[in-house]
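Visitor: Sequence plus predicted model, see below.
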2 protein chains.
Amino acid sequence: MKGFHFGPWPIRPNEIFFTSKLSIGLVNLKPIVPGHVLVVPRRIVLRFADLTSDEVSDMFLSAQAIGKVIEREYGGESLTITLQDGPKAGQTVPHVHVHVIPRKTGDWANNDDIYPEIDRKEKELAGELKAPKGVDNEERPPRTQEDMGREAEQLRKHFQQYEDIWN
Amino acid sequence: MKGFHFGPWPIRPNEIFFTSKLSIGLVNLKPIVPGHVLVVPRRIVLRFADLTSDEVSDMFLSAQAIGKVIEREYGGESLTITLQDGPKAGQTVPHVHVHVIPRKTGDWANNDDIYPEIDRKEKELAGELKAPKGVDNEERPPRTQEDMGREAEQLRKHFQQYEDIWN
């Protein structure tokens, strides 16, 4: 399959802020906080167990590199790094992806209130991708392409890129 | 530091079910479900960013290998794999650790009710380790050494071990 995909959906280069040999970093259509991004293997596989060793290493080394920048750039003090591996763990997009989320004091009243939020957004994300112009139950509209593109462009500068997909 | 540690606390070999070159797999004092285990780098570092590339790869390749076995052996259908990286993300033990948790239909009423549970257990775990004979707010007593040892021994057989720490 040519180009980049997140599950069955094509991903535009302007949503991508990070490229490694086997993974990409994406900004989010509906981040739960600013700086909530996704790390995705280039190859479309459903489950973590389906990744090769090289893909596992590449994906989490990418998550580590991305986490450092995200935490600093968005004023975080910690990171939530989570892989909902399979539908019964909350995965909605059939393509392995790691959430990297900057955390700070008081960002949620209770620390783990973040997780239902991740779950809700996963469901919305799947809905949005399936029917990008459709109506959903979310009162807040998804971000514009321009907004996502600006964020990705800002972040992009902080990383050594495996390839230039933007020019 | 000789032997194995989880943060400042020594870990007994009979709590360990998995050894790789740079990581170990531990059974839990208070698992939130059967099969909830931890993957921990051998070297004691606080944050994910502090790990070397080799440690990152080793820890998540270990998590992948462990996840496959845990999911099968405990009748799971999915896995929650999560790294609470720093105190503001819910980390209580000052040593990087990945939670690997088998998931199945209906295990929690709402999928993400699992996370407050992880958080609560993290806090308890820190309390237990600090004061293993002390009183805490948890009505359910921690598991016995024998119980943990039995589980680790069962799991141990499913893995190719980097070293034999048990004989």
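Guide: Here it is on my side, so go on. The shown structure was predicted, so the numbers you read here are calculated from the model rather than taken from an experiment. Numbers count the residues shown, from 1 in each chain, chains lettered A, B, ... in the order given.
Visitor: switch to C-alpha atoms for all contacts and neighbour counts from now on
Guide: Fine.
Visitor: The lowest-mean-pLDDT helix or strand in chain A versus helix B:114-130: what angle between them?
Guide: Lowest by mean pLDDT, DSSP states H and E among the helices and strands of chain A is helix A:114-130, with a mean of 72. Interaxial angle, helix A:114-130 versus helix B:114-130 (axes from the mean of the first three to the mean of the last three C-alpha atoms, to 10 degrees): 150 degrees.
Visitor: Show the subsequent helix or strand relative to helix A:114-130.
Guide: Going down the chain from helix A:114-130, the next helix or strand is helix A:145-156, by DSSP states H and E.
Visitor: Is there any residue in the least confident helix or strand of chain A that contacts chain B?
Guide: Yes. Interface with chain B: helix A:114-130 contributes A:115-116, A:119 (C-alpha under 8 Å from any C-alpha of the partner chain).
Visitor: Around chain B, which positions in chain A sit nearby?
Guide: Residues of chain A lying near chain B (C-alpha under 8 Å from any C-alpha): A:48-49, A:53, A:56-58, A:60-61, A:64-65, A:67-68, A:77-90, A:103-105, A:111-113, A:115-116, A:119.
Visitor: Going through these, which ones are buried?
Guide: A:48-49, A:56-58, A:60-61, A:64-65, A:67-68, A:77-90, A:103-104, A:111-112, A:115-116, A:119 (16 or more other C-alpha atoms under 10 Å in any protein chain shown).
Visitor: Closest to the centroid, which residue in chain A?
Guide: A:Leu38 (1.5 Å; C-alpha atoms, centre = their mean).
Visitor: What strands flank the helix or strand harbouring that residue, and is each parallel or antiparallel?
Guide: In this assignment (DSSP H and E), A:Leu38 forms part of strand A:37-41. Strand A:37-41 has the following strand partners under DSSP bridges: strand A:23-27 (antiparallel), strand A:98-103 (antiparallel).
Visitor: Throw the ones you listed into TSV and include mean pLDDT, thanks.
Guide: TSV is the format used below for the strands paired with strand A:37-41 (pLDDT from 0 to 100):
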stretch	mean pLDDT
strand A:23-27	97
strand A:98-103	96
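Visitor: where are the low-confidence patches of chain A?
Guide: For chain A, residues meeting the criterion pLDDT under 70 lie at A:1-2, A:109, A:111, A:126-141.
Visitor: go with 50
Guide: Within chain A, the stretches with pLDDT under 50 are A:132-138.
Visitor: now the longest strand seen in chain A: how far from the chain's centre is it?
Guide: Longest strand of chain A, by residue count under DSSP state E: strand A:78-85. The chain centre lies 11 Å from the centre of strand A:78-85; the measure is C-alpha atoms, centre = their mean, to the nearest Å.
Visitor: And for stretch A:32-49?
Guide: 5 Å.
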